[in-house]
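> Sequence first, predicted coordinates after that:
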Amino acid sequence: MGTTAAIREHYDSLAFIYRTFWGDHIHHGLFLDGDGPARAQVRLIEYCVGLLGAVGRDVLDVGCGHGGTAIRLAEQCGCRVLGITISEKQAHIAHDNAARAGVGEQVSIVAADAEAFAYPAERFDLVWTMESSEHFADKSGYFQNVGRTLRAGGELLLSAWTGSMTSPRVQEVATRFLCPELWTREQYESAVAAAGLRVRVADDLSPRVLRTWEICSQRAKAAGVAVKLLPAAVREFVAGIDVIIEAYRSGEMTYTVITAQKP
Ligand code: SAH
């Protein structure tokens, strides 16, 4: 079930596995010819940054994972980043990673629920939401908060697993990956617009991110029998890999990137 407690437990207990399997970027890679996973993960961030009009100084990274993006934005763009994550364990990892990368002064991390967070009015130039909104029960309410916390001219970067809950495959992905529901690109666009933001880009990156899961599948197969010895949460995650690959291949699940600006 995609309850807040279950999501927290998932990211607390799978922190080690995510790091081992995929590294400290817990998001898809954007694969161009010859890219390995580490390059593809950074490429997705670079691609998203390239879609923005400008990368402002104050960034809120909602669902910041292990801090991979926050560190990158601090290093490459000189941003000050506040990252929030539901997982205490991730918050510690992200904090340590930022300090180790030498950007501890620029990056702050708090363990907090994004759906209950007190978003300060007109405080941020960029709200970065990469593969976290899938877990939110009230996505419309979340975008209202984004609209409030952005300064005029500030931007939202959203990347999300997208698809219609009328599809059984998409439903199964949502259930297995602890998402109360997935939304279609159109649902996201209208909720973002309803929050007073102007959608500038809505891109489908599916064909270029699917390899993420093919690689995860290969790695899980290579781990072979060892996977059976891992905790149930990990085995469920591994079992979900083929479900997601099938959902992508069917075209019923897609990967969407949206940027929107507060007028
Ligand atoms: N954006 C990161 C991590 C994506 S994984 C990256 O790209 O690497 C999903 C993230 O969403 C995790 O950090 C998880 O803790 C966070 N998350 C999920 N539900 C949340 C909630 N209600 N409040 C805050 N963070 C949440």
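Sure, I can see it. Numbers count the residues shown, from 1 in each chain.

> From here on, just use CA atoms for contacts and neighbour counts.
Noted.

> Report the buried residues of the top helix by length along the chain.
Ranked by residue count under DSSP state H, the longest helix found in the chain is helix 232-249. Within helix 232-249, the residues that qualify as buried are V234, V238, G240, I241, D242, V243, I244, I245, A247, Y248, counting by 16 or more other C-alpha atoms under 10 Å.

> just checking, what packs against it?
Taking 3 or more C-alpha pairs under 8 Å, 6 or more residues apart in numbering; DSSP states H and E as contact, the helices and strands that helix 232-249 lies on are helix 168-176, helix 211-223.

> hey, which of these is tucked in deepest?
helix 168-176 (a mean of 20; mean count of other C-alpha atoms under 10 Å).

> Can you give me the pLDDT of M1?
For M1, the pLDDT comes out at 60.

> count of neighbours near G196?
When neighbours are counted by other C-alpha atoms under 10 Å, G196 registers 18.

> tell me the angle the longest helix of the chain makes with helix 168-176.
For helix 232-249 and helix 168-176, the angle between their directions (axes from the mean of the first three to the mean of the last three C-alpha atoms, to 10 degrees) works out to 160 degrees.

> that older thread, let's have the helices and strands packed on helix 232-249 in a markdown table, adding distance to D125.
Listed next are the helices and strands packed on helix 232-249 as a markdown table, based on distance: least, C-alpha to C-alpha, whole Å:
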| stretch | distance to D125 |
| --- | --- |
| helix 168-176 | 31 |
| helix 211-223 | 30 |
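
> Report the separation between V209 and the ligand.
Separation of V209 from the ligand (C-alpha to the nearest ligand atom, to the nearest Å) stands at 13 Å.

> Kindly indicate whether V127 is helix, strand or coil.
Here V127 is strand, with the state taken from DSSP: H, G, I helix; E, B strand; the rest coil.

> What count of nearby residues applies to it?
Other residues lying near V127 total 26 when counted by other C-alpha under 10 Å.

> Same check on D33?
Other residues close to D33 by other C-alpha under 10 Å number 7.

> Number the residues from 39 up from this point.
New numbering, starting at 39: the last item is D71.

> where's it, which helix or strand?
With secondary structure defined by DSSP states H and E, D71 is part of neither a helix nor a strand.

> hey, where'd the strands end up in this structure?
Along the chain, counting by DSSP state E, strands occupy 96-100, 118-123, 145-149, 162-168, 188-201, 236-242, 291-299.

> still on that earlier bit, so for the longest helix of the chain, mean pLDDT?
Predicted confidence along helix 270-287 averages 89 (mean pLDDT).

> Next: stretch 242-256.
In the prediction, stretch 242-256 has an average pLDDT of 94.

> Show me the shaky parts of the protein.
39 (pLDDT under 70).

> Name the residues of it found near the ligand, please.
For the chain, the contact set with the ligand under C-alpha under 6 Å from any ligand atom comprises 42, 49, 63-65, 101-103, 106, 122-125, 150-153, 168-170, 173-174.

> repeat that for 5 Å
63-65, 101-103, 123-125, 151-152, 168-170, 173 (C-alpha under 5 Å from any ligand atom).

> Arrange the strands of the chain in TSV, one row each, with distance to Y180 as further columns.
Rendered in TSV, the data for these read as follows (distance: least, C-alpha to C-alpha, whole Å):
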stretch	distance to Y180
strand 96-100	10
strand 118-123	14
strand 145-149	17
strand 162-168	11
strand 188-201	12
strand 236-242	16
strand 291-299	14
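
> Now do the same contact list for L82.
H66, G67, L68 (C-alpha atoms under 8 Å, 6 or more residues apart in numbering).

> now swap in V265 and tell me
With contact taken as C-alpha under 8 Å, 6+ apart, V265 is in contact with A258, V272, R273.
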